[in-house]
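Peer 1: After the sequence you'll find the predicted model.
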Amino acid sequence: MKRILEVKNLQVSLPTPNGDLRAVRGIDLHVNKGEMLCIVGESGCGKSMTSMALMGLLPKRAEVIAEAMYFDGMDLLSLSKKERNQVRGMRMSMIFQEPMTSLNPSYTLGNQLCEGIIKHKKVSKDEAKKRAVYLLERAGVPYPEKRLDQYPHQLSGGLRQRVMIAMALMCEPDLIIADEPTTALDVTIQAQILRLIRELQQEFGTAVIFITHDLGVVARIADRVAVMYAGQVVETASAKDLFADPQHPYTKGLLNCIPIPGKTLPGSHLESIPGVVPSLIGELKGCAFENRCSVSIGECCYRSPRLENHLGSEAHQVRCPIATASFQEAV
Amino acid sequence: MLVFIFRRLLVAFSVAITVSVVSFMLLHLSGDLAISIAGPESTAEQVEQIRIDFGLDKPMVYQYFDWLWGAVQLDFGRSYYFQDTVMSLISERLPVTLTLGALALGLATVIAIPLGVIAAIKQDTWIDRLALTIAVIGQAMPSFWFALTLIVIFAVNLQWLPAGGNESWQHFVLPAIALGYYAMPAMMRLTRTGMLEVLNSDYIRTARSKGLNESTVIFKHALRNAVIPVVALAAVELGFMLGGSVVIESVFSLKGLGQLAWDAITRNDYPVVQAVVLIIAVFYILLTFLADVINAMLDPRLRVR
């Protein structure tokens, strides 16, 4: 399968008064054409930083280094500012977490939907409007023509997120990054929006990086999953394999935290992962999960594990030498 | 939008009526007008005569409506001190003050907004610091002192511009600079803070994610939202300049409304004081109304209120 995005050893750090905050610590990622990759992890694990780095939206003070960052064969890091602007917006777009604040309150929805395509594809205003109406309709917005003249404050949060989705699709991008697009919505709306993103993704053959902290969401929509912890990918696999055969202690811990209707008895103890995420300022010695891990051994304190194939398959990789056979052989 | 304008007009009108009542009342509460007009050495009969001549013997409500009816027709009666009608005094002075205020505000806006935008974009660089320093100096320096300094440099030493009077446009340059520099810092700071806040907002990130040019992001998406509080401030400042430019007007001996008000107050010239207060208040109300309309044009959310 052709890869639309390939990232090798991506690192992002932000200067803080206490030292550099290394939010992303060497991430390898790839996204195939037309697939849905979910990045899961708890708050502060660097998933949003990763997405912002891919879009090139980090503040200037952030330092982004990568061995490689290829988008459809183009090296994103070597593009000029203008070329990067062209790629972002036209070929990559983004859906954000907060639909209430992500639209400019002063301009009509039509204006905001159309400005990107008018700039990037040099289409006429009428053509842009036609596409906007079509996509609003596809995104399940009632009375799409009327919406073009409306302002964001006239719409509910769920509708605004539908507008954001339509906006992300305006230029027929190859990749959409959705950063927790359902987190701020009501549960009933969440399900609708998830279904919508999945449907449109399959209909338009767009690749999607879906960022979430909710494994329930992952189970419903992901083709592949990357689990992040403390700025690193700790496990990546197809959604099926990850839920059926999780390897990394962190992934297992996360799965244990979810109550299963019918299985988890009322009143029974709901699992949680003890401890807290380590500070991401400065170097981390050994495995980042070591202090919270139930299966760690002495070696974990000083040996930083690498992402290794599980059962010899590149499709399922784990950053834990205990889980993969390699370590047991070495011991 | 029309409903919005109509409702604002209604509010503006009721404020104007209230102001007219208050300004009328204040003067009549400040003592027996007939005595103060007649002066300390007058006899009781003279005071009584003045009371009848000026209509001060009539009931207060009658006097008020009499005055208001005149005011609506722009007839504010005659000045007690100047040998002229109040209206001709004002129509002679008002253009001077309006010109000065408009020039000063224009100057302040033209400098404050771009400077605020640049300072926000280049936050924490030397440009930002320089802009803030200029603002602090402007806020800290007394305006009469700055005005005198301008006169010393440009009128006395270099002799480029006249030091006082209001005969030609050149006479307005120095006063406008002095008054404008007084109004500029607050606008500059407000633009800067507004821009900083807006540039960190989610919708600016959305605009950037669409791959728009930086200039589109800043001027289309950011500035329009950042400038909303600045419009309101500008209206208040212009209103303030109409009434409060007394200092600048006397330093540059401009015959403006501020000076007229000052002269009238010191001479107990009540019809003039009343008229000036009312006119400045009406301008204030008009400016606030105008700022509301401009803001509603900028921000659609304000139109519903």
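Peer 2: Received it, and whenever you're ready, just let me know what you need.

Peer 1: can you give me the helices in chain A?
Peer 2: For chain A, applying DSSP state H gives helices covering A:47-55, A:81-90, A:109-121, A:125-138, A:144-147, A:157-169, A:187-204, A:215-221, A:239-244, A:249-256, A:325-330.

Peer 1: And the stretch 151-300 of chain B, by the same measure?
Peer 2: Here the stretch 151-300 of chain B has its helices, by DSSP state H, counting those that start in this stretch, at B:170-199, B:202-209, B:214-215, B:224-226, B:228-244, B:246-251, B:257-266, B:270-298.

Peer 1: on that earlier part again, any idea which of the helices of chain A gets closest to chain B?
Peer 2: Chain B lies closest to helix A:81-90 among the helices of chain A, at 2.4 Å (CB to the nearest CB). (Glycine included, C-beta is placed from N, CA and C.)

Peer 1: quick check, the closest one touching chain B?
Peer 2: Yes: using CB under 8 Å from any CB of the partner chain, helix A:81-90 reaches chain B at A:Arg84, A:Asn85, A:Gln86, A:Val87, A:Arg88, A:Gly89, A:Met90.

Peer 1: quick one: contacts of that helix?
Peer 2: A:55-57, A:71, A:74, A:76, A:79, A:116, A:119-121, A:171, A:173, B:208-213 (CB atoms under 8 Å, 6 or more residues apart in numbering or on different chains).

Peer 1: Buried ones among the residues you listed?
Peer 2: Buried members of the contacts of helix A:81-90, counted by 16 or more other CB atoms under 10 Å in any protein chain shown: A:55-57, A:71, A:76, A:79, A:116, A:119-120, A:171, A:173, B:208-212.

Peer 1: Number of residues surrounding the residue lying closest to A:Glu35 once chain neighbours are set aside?
Peer 2: Sequence neighbours aside, A:Asp223 is the residue nearest to A:Glu35 in space, at 4.5 Å (criterion: CB to CB, 6 or more residues apart in numbering or on different chains). Applying other CB atoms under 10 Å in any protein chain shown, we find 18 residues neighbouring A:Asp223.

Peer 1: who's in contact with A:Asp223?
Peer 2: Counted by CB under 8 Å, 6+ apart, A:Asp223 has contacts A:Glu35, A:Met36, A:Leu37, A:Ser238, A:Ala239.

Peer 1: Around chain A, pick out the residues from chain B.
Peer 2: B:201-203, B:205-213, B:216, B:220-221, B:224-225, B:298-301.

Peer 1: returning to that earlier point: let me have the helices of the stretch 151-300 of chain B in JSON lines, extended by mean pLDDT.
Peer 2: Formatted as JSON lines, the helices of the stretch 151-300 of chain B follow (pLDDT from 0 to 100):
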{"stretch": "helix B:170-199", "mean pLDDT": "90"}
{"stretch": "helix B:202-209", "mean pLDDT": "93"}
{"stretch": "helix B:214-215", "mean pLDDT": "90"}
{"stretch": "helix B:224-226", "mean pLDDT": "92"}
{"stretch": "helix B:228-244", "mean pLDDT": "84"}
{"stretch": "helix B:246-251", "mean pLDDT": "83"}
{"stretch": "helix B:257-266", "mean pLDDT": "85"}
{"stretch": "helix B:270-298", "mean pLDDT": "87"}
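
Peer 1: so which of the ones you listed gets nearest A:Thr264?
Peer 2: The minimum distance between A:Thr264 and the helices of the stretch 151-300 of chain B falls on helix B:202-209, with 36.6 Å, by CB to CB.

Peer 1: for that closest one, packing partners?
Peer 2: With contacts taken as 3 or more CB pairs under 8 Å, 6 or more residues apart in numbering or on different chains; DSSP states H and E, helix B:202-209 sits against helix A:81-90, strand A:92-95.

Peer 1: Which phi and psi values does A:Pro321 adopt?
Peer 2: phi -70, psi -20 (degrees, to the nearest 10).

Peer 1: which of the residues in stretch B:185-194 are buried?
Peer 2: Under 16+ other CB under 10 Å, the buried positions of stretch B:185-194 are B:Pro185, B:Ala186, B:Met187, B:Met188, B:Arg189, B:Leu190, B:Thr191, B:Arg192, B:Gly194.
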